[in-house]
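Engineer: Fold the following.
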Amino acid sequence: MSGTNTATENYQTQRSEPTDTTFTEADASGSPLQRFSIMAIQDEVKVGLVGFGLFGRHHAAAITRTPGTCLSAIAVKSAASREAAREAHPDSRIYSDYREMLAKESLDLVDVVVPNQLHFEVGQAALAAGMHLFIEKPMAVQRSQCDQLVQQAKQGRRLLAVNHELRLSPLWGGVKSLIDQGKIGTPLYALVELSRFPYRQGSEGWRYDIQRVGNWILEEPIHFFDLACWYLEQHGEPHSVYALANSRQDAHPELQDNFSALVKYRSGAYAMVSQTLAAFEHHVTAKITGSEGTVWAHWSAADARSDKPTFGLRYGLGDQIETVEFEQPTGELVELADHIRALVRCLREDLPPPCSGHDGRRSATLCLAAQESVETGLPVVVGPPSS
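Structural biologist: From the prediction side, this is the model:
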């Protein structure tokens, strides 16, 4: 375009790693309260996996490829999944009940990849057994359950990490790096939008059972609430949420294919998170606008787990546009593997995880508040996190 100066920046695309920062718990305002150390691990990290469905199998594969880890045991309910686990991981001990696994195995880390309504139950049991915890989002389907997990991990000096793997992405993490570098000044507004094909059923159809899934906001939009809050973190904790949703399924209005939420901060900053499941392929866009410009990122593929996506990242204001170049791939499975490698480093070096229990509690709380707003038609004030 005539008059447009589009420059290309050689952007650092090394995978995000935890930095050598103090591991702190937050007080009610989200500010650091006190330092506490986990029990650092010096030997091989022994991992127990709970769940071996479609995504659980990806977790298992990522664990076995991570240097310094051993997939010691897998617990899964169905006989067919246990047989698949034995075939794929013959060196791992296989259990039908996670409680038996926790009682018999000397594990360092438990990785929980089960239907949403079981996250709290399994997570609580793992922490009670003295093990560190890596849990799929949402960390729980009730705010009080999230609070309990955070407190239990703190009291037991155990690491609690939630799998918001997009933080490990050179693309979505690259957005955060640009913001932190001041490339767009003070961030004021975030838009994160997903358009994709309908959800898969999940094992035994759990994702289409509202009692087991909690709500569909807890599935994909929870990731985008996490990103939006991460990008706007200098504004503190969100103040309120107002949301709208509807379903294309007349017989199941509780399964809401279309969803949009407005998250407001006391400072005046705000974020929009939007999703449709009545589309095709998998397309995510994020636009973060600041006092001195905008960051614009996009990712598209046939599926979120595709290894052949198209993606890009640009930032600027007016006709001054910078394009970020990437040398590494990005995608859900790549970031999952990166997240597990990062957690191993956290356990060895007593570092905070890329996404803590506090972060996971915030994203789950926003989802629950958004669902309440959908049902009442009113904005919902989000209370401060429990200490």
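Engineer: Identify the residue spatially nearest to C146, adjacent ones excluded.
Structural biologist: In this structure, C146 finds its nearest non-sequential neighbour in R361, 4.0 Å apart by C-beta to C-beta, 6 or more residues apart in numbering. For glycine as for every other residue, the C-beta is placed from the backbone atoms N, C-alpha and C.
Engineer: ok, and E193, which helix or strand is that part of?
Structural biologist: strand 187-196 (DSSP states H and E).
Engineer: Relative to that strand, what are the paired strands and their orientations?
Structural biologist: Looking at strand 187-196 with DSSP bridges, its partner strands are strand 270-276 (parallel), strand 282-290 (antiparallel).
Engineer: Distance of the residue nearest to C146 relative to F224?
Structural biologist: Computed as C-beta to C-beta, to the nearest Å, the R361 to F224 distance reads 17 Å.
Engineer: which of these two has more neighbours?
Structural biologist: Neighbours around R361 and F224, counted as other C-beta atoms under 10 Å, are more numerous at F224. The numbers are 27 against 24.
Engineer: Pretty sure V273 is one of the things that one touches, is it not?
Structural biologist: Yes: using C-beta atoms under 8 Å as the test, F224 is close enough to V273 to be in contact (4.6 Å).
Engineer: anything in contact with each of these two?
Structural biologist: Here F224 and V273 share the contacting residues 192-193, scored by C-beta atoms under 8 Å, 6 or more residues apart in numbering.
Engineer: Count the neighbours of the residue nearest to H298 when sequence neighbours are not counted for me.
Structural biologist: Nearest residue to H298, sequence neighbours excluded (C-beta to C-beta, 6+ apart): T285, at 4.9 Å. Using other C-beta under 10 Å, T285 has 15 other residues around it.
Engineer: What residues are bridge-paired with T285?
Structural biologist: Assessed by DSSP bridges, T285 has beta-bridge partners E193, H298.
Engineer: so what's it scoring on pLDDT?
Structural biologist: Looking at T285, its pLDDT stands at 98.
Engineer: what's the nearest residue to Y315 if we skip its chain neighbours?
Structural biologist: Using C-beta to C-beta, 6+ apart and skipping the chain neighbours, the partner closest in space to Y315 is V295 (4.4 Å).
Engineer: measure stretch 128-141 end to end?
Structural biologist: Start-to-end span of stretch 128-141 (C-alpha to C-alpha, to the nearest Å) is 19 Å.
Engineer: before we move on, what about stretch 207-220?
Structural biologist: Distance across stretch 207-220, first residue to last, is 12 Å (C-alpha to C-alpha).
Engineer: tell me which residues of that stretch are tucked away?
Structural biologist: Going by neighbour count (16 or more other C-beta atoms under 10 Å), the buried part of stretch 207-220 is 207-208, 212-220.
Engineer: Now for D43, how many residues are close by?
Structural biologist: By the measure other C-beta under 10 Å, the count of residues near D43 is 9.
Engineer: Serialize the buried residues of stretch 207-220 to CSV and add fields for secondary structure and distance to S81.
Structural biologist: Converted to CSV, those look like this (DSSP: H, G, I helix; E, B strand; the rest coil; distance: C-beta to C-beta, whole Å):
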residue, secondary structure, distance to S81
R207, helix, 16
Y208, helix, 19
R212, helix, 16
V213, helix, 19
G214, coil, 22
N215, coil, 25
W216, helix, 24
I217, helix, 27
L218, helix, 23
E219, coil, 21
E220, coil, 24
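Engineer: Quickly check these for the two that are furthest apart.
Structural biologist: In the buried residues of stretch 207-220, two members sit farther apart than any others by C-beta to C-beta. They are R212 and E220, at 16.5 Å.
Engineer: Check this structure for its longest helix and report it.
Structural biologist: As assigned by DSSP state H, the longest helix anywhere in the chain is helix 357-376.
Engineer: ranges for the helices of the stretch 151-300 of the chain?
Structural biologist: Remark: helices assigned in the stretch 151-300 of the chain by DSSP state H, counting those that start in this stretch are 172-180, 210-213, 221-231.
Engineer: Just name the most buried of the ones you listed.
Structural biologist: Comparing the helices of the stretch 151-300 of the chain by mean neighbour count (mean count of other C-beta atoms under 10 Å), helix 221-231 ranks first with a mean of 25.
Engineer: Show me how this protein divides into domains.
Structural biologist: Recorded structural domains for the chain (assignment: automatic domain parsing) are 31-165, 170-331+355-381.
Engineer: wait, which of these is closest to H339?
Structural biologist: Of all those, domain 31-165 comes closest under C-beta to C-beta, at 4.8 Å.
Engineer: what about the nearest residue to S78 once chain neighbours are set aside, neighbour count?
Structural biologist: Distance criterion C-beta to C-beta, 6+ apart; nearest residue to S78, sequence neighbours excluded, is S203 at 7.4 Å. Residues lying near S203 (other C-beta under 10 Å) number 21.
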